[in-house]
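Engineer: only the shape, not the letters, is given here:
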């Protein structure tokens, strides 16, 4: 068991807690819970809690990264690998970092800088066993959980297993390559899982086909008027829910 992975029975937000306790982490460490009362999603979106039905996890990286802006994409691969190893499911990635299972959102990721000015955090929420009524009440028609997708989940064992595996294998072991070489060594694996590629996307001022993810993790779109657009933020993609 990795002692740098800390369990909390309940917390407002694992990202918030990690920022307030940076001194308790070494070069890499993590905190997780199944009860998060004030989580947040990307772009200020609310992350609705489901007590004891989901995993809320934050990993803290204190080592300098060659491409910190690509951490959301790197994180999505770490989570996808853990889910495959535990459950045998192959998630698709909706650029830049949402994980989908059977076309519905299973995982959300929020990466942030820390108050010390150099550490970075990757906050990860995994839907384990919420019922359909949870997503209906939360107004999340495109959300799902592993249990809803027919995947057997052990809520007594799986949260700790996933937290330990993601820390040890998804982040710590891979960090030796990622911190020096950045996203490039992981680019093809990411592209193979990215559901956006080959699909029509719309953005403020136009539309086009997503054709590539470059070595900096940016989405490349060939516009309908022949222009090439490069995105680091959000676009909407046809045939997939909502905004990316």
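Structural biologist: Happy to help now that I have it. Quick caveat: nothing in here was measured; it's all calculated off a predicted structure. Numbers count the residues shown, from 1 in each chain.
Engineer: name the helices or strands packed onto the longest strand anywhere in the chain?
Structural biologist: Secondary structure of the chain read by DSSP state E shows that its longest strand is strand 104-113. In terms of contacts (3 or more CB pairs under 8 Å, 6 or more residues apart in numbering; DSSP states H and E), strand 104-113 is packed against helix 14-20, helix 71-87, strand 98-101, strand 120-127. Where you see a C-beta, it was placed from the backbone N, CA and C, and this is true even at glycine.
Engineer: what's the longest one packed up against?
Structural biologist: Using 3+ CB pairs under 8 Å, 6+ apart as the contact criterion, the elements in contact with helix 71-87 are strand 92-94, strand 98-101, strand 104-113, strand 120-127, helix 158-165, helix 174-181, helix 187-193.
Engineer: what inclination does it have with respect to helix 158-165?
Structural biologist: 130 degrees (axes from the mean of the first three to the mean of the last three CA atoms, to 10 degrees).
Engineer: run the angle between helix 71-87 and strand 120-127 for me.
Structural biologist: 40 degrees.
Engineer: out of the helices and strands packed on helix 71-87, which one sits most buried?
Structural biologist: Burial of those is given as mean neighbour count (mean count of other CB atoms under 10 Å); strand 120-127 ranks first at a mean of 25.
Engineer: where does this structure have low pLDDT?
Structural biologist: The chain contains residues with pLDDT under 70 at 1-2, 39-49, 233-244.
Engineer: try it again at 50.
Structural biologist: Scanning the chain for pLDDT under 50 picks out 43, 241-244.
Engineer: alright, that wraps it up for me.
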